[in-house]
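A.B. asks: Structure of the sequence below:
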Amino acid sequence: MSVGALFGIVVVVFLVVRILPGDGAVLRAGPYASASRIAQIRKEFGLDKSLLSQFQTYMVNVLHGNLGTSIRTQAPVTTELMSRLAASLEMALASVLLASLVGIPMGMWAAARRGKWVDHIVRIFAVIGSSMALFWLGLLMIYLFFYRLGWAPGPVGRLNIGTNPPTSITGLFTVDAALQGQWAILTDALRHLALPVITLGLVLSAPIIKMVRSAMIESLDSDYVRTARSVGVRGYEILWRDGFRNALIPVTTTMGIVFGYMLGGNIIIEFLFNWPGIGRYAFTAAQNNDIDALQGFVIVVGVLYIILNILIDLIYVWVDPRIRIRKAPTS
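C.D. replies: As a prediction, the model looks like this:
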């Protein structure tokens, strides 16, 4: 199914680009290119061939990891995306971790105190987080903590200007600096990571709160919880063992959706904080009509979504032992 989904993504991306108005050869040649140069580029990139022939060539290139060449930088799109992917993953992982640390306890607390003042406050927080515009909150964070208070560094990327990054092991500056004992770089990376992560974490915690609260209420209202209470099982054991563990399936699904959104949907935050990730790369590509770069971005994000969904399916087996992965019966 994943292979079929990936094929569908490639087909849709290929067709959408061909349907859009404009001549791909003209975009690649530039606005001042001569007619002979445009014809040369059209032949060079196979744009003079039939649609089926172009698709066959494109599929072969994708299977070999060739996503084309950026019009703006004249560099391979695959190389540029892979060099920026670690920055996006670092922000995404940190943001989802913060959202989980905020959302899960608050959702459990609201479910355990359903109908009381704690529940009302948590629900108001979730509503505010759901309706908060990311760009507005990001600008507010920059204005308050950088411009007014001076507590955070400016939106200049992952490190201060002039600071050399740690030797790449994972591509995540915080992890690489910690592994190599470069504490000054680790501190600098965490300071630059703080504002975008807090901005995203506060907004992303809202759906987690809602799902945890809803799933916990359903678990706490079940027969086995009532039985546990009747035989004198302690409240915190019921909350964690009987309530939260049985609510983990929908919670895991929600966290997977949130993380998937982070991989391709944090373009605004990467732009605001000058973060050198794939989202900012896609934004710049859109500004410059960089077709191959945009196609590559969509395909890479699609592949990451597919991998993420497979991992979530595998986590289900670990979370709920009743779920088993077994070979399908043969007829």
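A.B. asks: Can you give me the distance of Ile142 to Leu190?
C.D. replies: Distance, Ile142 to Leu190, by C-beta to C-beta, to the nearest Å: 17 Å. C-beta: built from backbone N, CA, C; applies to glycine.
A.B. asks: neighbour-wise, which of the two wins?
C.D. replies: Ile142 (19 against 15; other C-beta atoms under 10 Å).
A.B. asks: Quick check: chain neighbours aside, which residue is closest to the more buried one?
C.D. replies: Spatial nearest neighbour of Ile142, chain neighbours left out: Pro155 (5.9 Å); criterion: C-beta to C-beta, 6 or more residues apart in numbering.
A.B. asks: now this structure, which segments are flagged as low pLDDT?
C.D. replies: For the chain, the stretches with pLDDT under 70 are 20-33, 44-48, 235, 242, 264-265, 324-331.
A.B. asks: check which helix or strand covers Gln295.
C.D. replies: helix 291-319 (DSSP states H and E).
A.B. asks: give me the number of residues near Leu6?
C.D. replies: If you count neighbours by other C-beta under 10 Å, Leu6 ends up with 16.
A.B. asks: Run through the residues that contact the nearest residue to it once chain neighbours are set aside.
C.D. replies: Closest residue to Leu6 apart from its sequence neighbours, by C-beta to C-beta, 6+ apart: Ile306 at 5.9 Å. Going by C-beta atoms under 8 Å, 6 or more residues apart in numbering, Ile306 touches 2, 5-6.
A.B. asks: need the contact list for Thr199.
C.D. replies: By C-beta under 8 Å, 6+ apart, the residues touching Thr199 are 134, 137-138, 141, 269.
A.B. asks: out of those residues, which is most surrounded?
C.D. replies: Most surrounded of the contacts of Thr199: other C-beta under 10 Å gives Ile269, at 27 neighbours.
A.B. asks: ok, that one touching Leu134?
C.D. replies: Yes. Assessed by C-beta atoms under 8 Å, Ile269 is found in contact with Leu134 at 6.1 Å.
A.B. asks: what residues are shared contacts of the two?
C.D. replies: With contacts taken as C-beta under 8 Å, 6+ apart, Ile269 and Leu134 have 199-200 as neighbours in common.
A.B. asks: Render the CA-only coordinates of the helix or strand that contains Tyr261 in PDB, please.
C.D. replies: Tyr261 belongs to helix 248-265 when assigned by DSSP H and E. Provided in PDB are the C-alpha atoms of helix 248-265 (Å, rounded to 0.1, in the frame of the first residue of the first chain):
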ATOM      1  CA  LEU A 248      -2.700   5.300  23.800                       C
ATOM      2  CA  ILE A 249      -4.000   4.200  20.400                       C
ATOM      3  CA  PRO A 250      -5.900   7.400  19.500                       C
ATOM      4  CA  VAL A 251      -3.200   9.500  21.300                       C
ATOM      5  CA  THR A 252      -0.500   7.900  19.200                       C
ATOM      6  CA  THR A 253      -2.500   8.500  16.000                       C
ATOM      7  CA  THR A 254      -2.900  12.200  16.900                       C
ATOM      8  CA  MET A 255       0.800  12.600  17.800                       C
ATOM      9  CA  GLY A 256       1.700  11.000  14.400                       C
ATOM     10  CA  ILE A 257      -0.600  13.400  12.600                       C
ATOM     11  CA  VAL A 258       1.000  16.300  14.500                       C
ATOM     12  CA  PHE A 259       4.500  15.200  13.600                       C
ATOM     13  CA  GLY A 260       3.600  14.600  10.000                       C
ATOM     14  CA  TYR A 261       2.200  18.200   9.900                       C
ATOM     15  CA  MET A 262       5.400  19.400  11.300                       C
ATOM     16  CA  LEU A 263       7.500  17.800   8.500                       C
ATOM     17  CA  GLY A 264       5.800  19.800   5.800                       C
ATOM     18  CA  GLY A 265       3.700  22.400   7.400                       C
END
